[in-house]
Every structure is written in C-alpha cells, then in structure tokens.
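Enquirer: compute the structure for the input listed below.
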Amino acid sequence: MYISKNLDYEKTNAINVICNEMVIKNLQTMKNFLLLLLFFIQANLFAQIENAIIIENMIQTPEPVAVDEKGLEVSFAHKYYSLELISTIDTESKIKCATSSPDNKFFATGDNYESLGNSYKETKKHYIGLWNLNKSLQPQVDYHHERPVQAISFSPSSDKMVSCDSGGDIYIWDLLNSKLLVKIETSHWVHNVRFSNSGREIIAIQGFEKIANMYDLKGRLIYQFKVGKQINDFEINRNTNEIYFGCHDEIQIWSLISKDIIQKRPFKGLMCMKFDNNFSKLAIGARGDIIFMSLALKELNRVSGHFKPILSLDFNFDNSLLISGSSDQTVRIWDVRDLSSIKEIVQLTNEHKGTIHAVSFISSNSENNFITGGESNDVKIWGWKAYGGR
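Expert: Alright, predicted model coming up:
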C-alpha cells in the first residue's frame, strides 16, 4: 500500500501494519464467503441431478388400487417404471396415422408425404408400413396408395386391413394372402375408415361432405349416413352397435341397425375420439383438453396439459393408461384408473421434431409398449421397464 513520504517512519510503519491486517481479514472473509457459496452451488447441483434422475427414470404410480365396473382389481404389476426407447424405424416420410391389430401381431402406419404440384402422383407412392411384431419388426409386402394415407383400420379378426387417402380412394387388403381385395374410388377426401362389428362392412367418413358411407367388402355402397355436419372423427361401439360421429360443433349417435339418429349434444373443438377397450367410456381430444364421457354423452371429467390440438388417443390393454399425441409436439401418458383423479405420468417432448400425428399401444401385456409417429420421418417404439413391487 502506498504511504506519503512526509509521514515519519513510526507512523508509516503503524499504518502499514493496520492496513495489512485489514487486507488479511478481508481476504479471509472473502475466502470463507466463496467456500460457502461453492458449497451451496454444489448442493443445489446435486439436488437438480437427483430430481432429474427421479423424473426421467423412475415413474411412480399412485398408491390407491382402482376397481373396474366388473369388480376386478385393476392395478399396475409394479410400483416404479422407467421408459425406454426400444427401436426407431426409418419411414422416409411423415407419419399420419398408426394402429395395431386386435390380436397385437401387427401394427400399421400411414405415409403422409406431401410435395408441391401434381408431379408426385407419378413418382411417389404413399406407403402403408405393416410391421410384424413377432418377426423382428420386418416390414411386410408392398401396400401403398397414390395419395397421402389418412387412416388405417384392422378387421375384428385381424385378417383384413382397410385404408383411405386424401384423393378419395379406399383400399381393402387381405392380410392372409397379402393382396388387394378391392379398391373403392370416390371423388372426395376420405378422412377415416373402420370395419363394422361383423367385419363384413366398412364405414368411411368424408368429413367435408358431411356424410359417412357404408360399403360391403366388394366395394358396393350399402348405406349413406347424412350427418349434415362436418365430421372430424368417428368411433363404433361394438357392444351397442352404435356409431358416434364427432362433428364440428356437436356429437351424434346413430344406430347401425335401424340407421336412425339416437342422440346428439353440442360440442365444439373435437379433434379425435377413442373408446376404451370395454366400450364403456369415450375419450375425446379437443384443443388442449381431454374430455371423458359416458355412453350417454355425459361428461365424466376433463384434464388439461396439452396446449395445442390433440390429434391421437389410445387406451392400453387394461384401460388403466391413456396415451395422447398433440400438435404441441408432445406425447403424454395419463393414469386413468380413477377418472376423478387423473394424473399425467409421462411426457415426451419434441421426439418427432414437430406435430405428433399418431400414438398407439401395441402390446396386450403389462409391458405397455407403444408407438409414436409424426413429422420426423420415423416411427418410435417405446417400452416400460418395471422395478420393485408393492
């Protein structure tokens, strides 16, 4: 420290001693402060790492055990789960739809490739990926459309498949003999298609035209449902033999036997809908919310989480889980054993670099494997790994 030369030696020396002691004390105080700060930083970092591990790798299911309507216990076999990516399949195109067969031997995906102009019709096939879950995920024979595939459905016996596209064509496939049974040509976009309960008919919705057509397996038109509203999605209740049309601003229930409308109720914002495997309740994906309804269209509960439209829903094998995919780029899994206390237990973010168009469970056991597809030109297969018991 600099001291003026005009001061005598003793004063100078005393001042230097005092200043040196002050500097030493200040340095010691600063050292203690830095050590304390470093301790808190390390403690906070370890806490964040521990929390991240718990959140990402160990998913705890709720303690209460639910009981279904038949009195059977519905619970997870284990208390903790971790999520793992089993496989990524390169599809070379965006995925519009995905579904699994009733016997859980196959799952199928629809190609949603789009290009500018009309030249793609001569140069690009829009493939249906049919994957055998029992044969190392090897793709099956060449199933394709000339326009982007919009929906795929399997027959109740899993021996046939039906698909539709944006050009208005419907294809019925014989999976046992790997061949096309019939091609139905219409002049308008077909948004979705499903087999009837018997598997001897198909029902296809042309949403913009506000109609649904029923065909036999030879492609002959049997009946036309004149819904009178833009149809966004539909479901068939195989227990009651009724069809539920999710329209632009209402839901309609029609009898597949009498072909009469049974009930309707106002409802805005419906994007997709899915019955559970017992056909006892209906899940509806809207513009951010998931709404659960009874067969009589009474709202049971709703949950929020997504912040953009929900485009795909599916229940797992025992209806304890619901998976949802959204244009907010997330996939979420919900514990729906108790509809009065629905919990989000998994969230996958930006796995497909954009909108999630398709989600589907693909197993009939406690592993709860599922597939996801969207904008990233691939399909991902996910699985659960269980740890510990109750």
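Enquirer: tell me which residues in stretch 87-104 are buried?
Expert: Buried residues in stretch 87-104, counting neighbours by 16 or more other C-beta atoms under 10 Å, are found at 89, 91, 93-101, 104. For every residue, glycine as well, the C-beta is placed using N, CA and C.
Enquirer: stretch 174-185 too?
Expert: Burial within stretch 174-185, assessed by neighbour count using 16+ other C-beta under 10 Å, is assigned to 175, 182, 184.
Enquirer: C-alpha coordinates for it, CSV please?
Expert: Taking only C-alpha atoms (Å, rounded to 0.1, in the frame of the first residue of the first chain), the coordinates of stretch 174-185 have been written out as CSV:
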residue,chain,number,x,y,z
ASP,A,174,-56.4,-59.4,-47.5
LEU,A,175,-53.6,-59.9,-45.0
LEU,A,176,-53.6,-63.7,-45.0
ASN,A,177,-52.8,-63.7,-48.8
SER,A,178,-51.0,-60.4,-48.9
LYS,A,179,-53.2,-59.0,-51.7
LEU,A,180,-55.6,-56.2,-52.5
LEU,A,181,-59.3,-57.3,-52.3
VAL,A,182,-60.9,-54.2,-53.7
LYS,A,183,-60.3,-50.5,-54.4
ILE,A,184,-63.2,-48.1,-53.9
GLU,A,185,-62.9,-44.8,-55.8
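Enquirer: can I get the buried residues of stretch 174-185 in CSV including pLDDT, secondary structure and distance to His352?
Expert: Compiled in CSV, the buried residues of stretch 174-185 are given as follows (pLDDT from 0 to 100; DSSP: H, G, I helix; E, B strand; the rest coil; distance: C-beta to C-beta, whole Å):
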residue, pLDDT, secondary structure, distance to His352
Leu175, 91, coil, 27
Val182, 97, strand, 33
Ile184, 97, strand, 31
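Enquirer: looking at these, which is nearest Ile345?
Expert: Nearest to Ile345 among the buried residues of stretch 174-185 is Leu175, at 34.3 Å by C-beta to C-beta.
Enquirer: tell me the contacts of the closest one?
Expert: Contact criterion C-beta atoms under 8 Å, 6 or more residues apart in numbering gives 106, 130, 158-161 as the residues in contact with Leu175.
Enquirer: 6 Å - rerun?
Expert: Taking C-beta atoms under 6 Å, 6 or more residues apart in numbering as the criterion, Leu175 is in contact with 159, 161.
Enquirer: and if you look at His357?
Expert: By C-beta under 6 Å, 6+ apart, the residues touching His357 are 95-96, 311, 374.
Enquirer: so which of those residues are in strands?
Expert: Cross-referencing the contacts of His357 against strands under DSSP state E gives 95-96, 311, 374.
Enquirer: so can I have CSV of these showing pLDDT and distance to Met214?
Expert: Putting the ones in strands among the contacts of His357 into CSV (pLDDT from 0 to 100; distance: C-beta to C-beta, whole Å) gives the following:
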residue, pLDDT, distance to Met214
Ile95, 91, 28
Lys96, 91, 23
Leu311, 96, 25
Gly374, 91, 31
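Enquirer: and the furthest pair within those?
Expert: Spatially, the most separated pair among the ones in strands among the contacts of His357 is Ile95 and Leu311, at 11.3 Å (C-beta to C-beta).
Enquirer: just to revisit the earlier point, from the ones in strands among the contacts of His357, pick the one nearest His126.
Expert: After measuring those against His126 - C-beta to C-beta - the closest member comes out as Lys96, at 9.2 Å.
Enquirer: now do that closest one against Phe279, distance only.
Expert: To Phe279, Lys96 is 25 Å away according to C-beta to C-beta, to the nearest Å.
Enquirer: what of His352?
Expert: Distance from His352 to Phe279, counting by C-beta to C-beta: 30 Å.
Enquirer: please apply the same query to Ile362.
Expert: Separation of Ile362 from Phe279 (C-beta to C-beta): 20 Å.
Enquirer: do the same with Arg302
Expert: Taking C-beta to C-beta, one finds Arg302 at 20 Å from Phe279.
Enquirer: go through stretch 279-298 and flag the buried ones.
Expert: If you call a residue buried by 16+ other C-beta under 10 Å, then stretch 279-298 has these buried ones: 281-286, 288, 290-293, 295, 297.
Enquirer: how about Phe279, what does it touch?
Expert: Contacts of Phe279 (C-beta under 6 Å, 6+ apart): 237-239.
Enquirer: in strands, which of those appear?
Expert: Using DSSP E, Asn237 are the members of these that sit in strands.
Enquirer: what are the boundaries of the helices in the stretch 51-200 of the chain?
Expert: 120-123 (DSSP state H, counting those that start in this stretch).
Enquirer: pLDDT weak spots in it?
Expert: Confidence mapping of the stretch 51-200 of the chain against pLDDT under 70 gives the ranges 51-80, 113-124, 135-141.
Enquirer: 80 instead?
Expert: 51-82, 112-124, 133-142 (pLDDT under 80).
Enquirer: would you map the strands across it?
Expert: Defined through DSSP state E, counting those that start in this stretch, the strands belonging to the stretch 51-200 of the chain, from first to last, are 59-60, 66-67, 73-74, 80-90, 95-100, 106-111, 126-132, 143-145, 149-154, 160-165, 169-174, 179-185, 192-195.
Enquirer: pipe those strands into JSON lines and attach distance to Ile211 per row.
Expert: JSON lines is the format used below for those (distance: least, C-beta to C-beta, whole Å):
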{"stretch": "strand 59-60", "distance to Ile211": "44"}
{"stretch": "strand 66-67", "distance to Ile211": "40"}
{"stretch": "strand 73-74", "distance to Ile211": "39"}
{"stretch": "strand 80-90", "distance to Ile211": "35"}
{"stretch": "strand 95-100", "distance to Ile211": "21"}
{"stretch": "strand 106-111", "distance to Ile211": "22"}
{"stretch": "strand 126-132", "distance to Ile211": "24"}
{"stretch": "strand 143-145", "distance to Ile211": "21"}
{"stretch": "strand 149-154", "distance to Ile211": "16"}
{"stretch": "strand 160-165", "distance to Ile211": "14"}
{"stretch": "strand 169-174", "distance to Ile211": "14"}
{"stretch": "strand 179-185", "distance to Ile211": "14"}
{"stretch": "strand 192-195", "distance to Ile211": "13"}
